[in-house]
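Asker: need coordinates for the following:
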Amino acid sequence: QSQKLLMRGLKRLKAREQSNLEVKLAAVNGNGQEFLAGLQIRQIIPGTSNSCYLVILSDLSYQEDTNHLLTLMLLALENVGEGIIVTEPYAKGRILFVNRTLESMSGYRRDELHGQDFAILTAHTWKNSDTASLIQEAQEGGWSGEIMFGRQDGRGYPVLINAQPIPDQEGSPIAMVFVV
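Answerer: Numbering: from 1, shown residues only. This next block holds a predicted model:
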């Protein structure tokens, strides 16, 4: 299938019907092992009689492995028995992700929480300054303790929470994770 697409694309390039071609195909490395490759062919000066092309062959197997691992990690986060909240690392902690367990605990749907400040989960029970202090302390090495969360219907409920920064390669927090 990919070989037919490649041959058809090469004919169109030669006939100048298109100036770029991108195809995924099976390739063989120097050890005789097959791998998924991406082939890109781009005419350097499109629309001219100059037949100079840039050809890029890239190994996509690592990308496929990474996509598979990311899918597994997301499924794990979705199916763990604790509530998971991922926020921006700033004082208000804008919510980026919540899992199903947190939805069930809080009564909020994830689309209602996405983009909201973390304080929405404590709004009925804490002041915003208390929430900002918790996030600040968690950024500086983590925080664990019991706090009161507020359900969407206004009822409060106690939760044990573990808050940790998610650092980048230089150690600066790029997000926060809360396990409830």
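Asker: check what pLDDT the residue positioned nearest the centre of the chain gets.
Answerer: With distances taken as CA atoms, centre = their mean, the residue of the chain nearest its centroid is residue 70 (7.9 Å). If you check residue 70, the pLDDT there is 90.
Asker: just to be sure, it is in a helix?
Answerer: Yes - secondary structure of residue 70 (DSSP: H, G, I helix; E, B strand; the rest coil): part of a helix.
Asker: please begin residue numbering at 43 from this point
Answerer: Noted, 43 is the first residue going forward, which turns the last one into residue 112.
Asker: and it, how far from residue 153?
Answerer: 21 Å (CB to CB, to the nearest Å). Where you see a C-beta, it was placed from the backbone N, CA and C, and this is true even at glycine.
Asker: go on, residue 203?
Answerer: Going from residue 203 to residue 153 by CB to CB gives 23 Å.
Asker: of these two, who's got more company?
Answerer: residue 203 (21 against 9; other CB atoms under 10 Å).
Asker: host element of the more buried one?
Answerer: strand 198-209 (DSSP states H and E).
Asker: what's the burial count for the spatially closest residue to residue 98 that is not a sequence neighbour?
Answerer: Nearest non-adjacent residue to residue 98, counting by CB to CB, 6 or more residues apart in numbering: residue 82, 4.4 Å away. By other CB under 10 Å, 14 other residues sit near residue 82.
Asker: ok, residue 82 - contacts?
Answerer: Counting by CB atoms under 8 Å, 6 or more residues apart in numbering, residue 82 makes contact with 62, 63, 64, 96, 97, 98, 99, 100.
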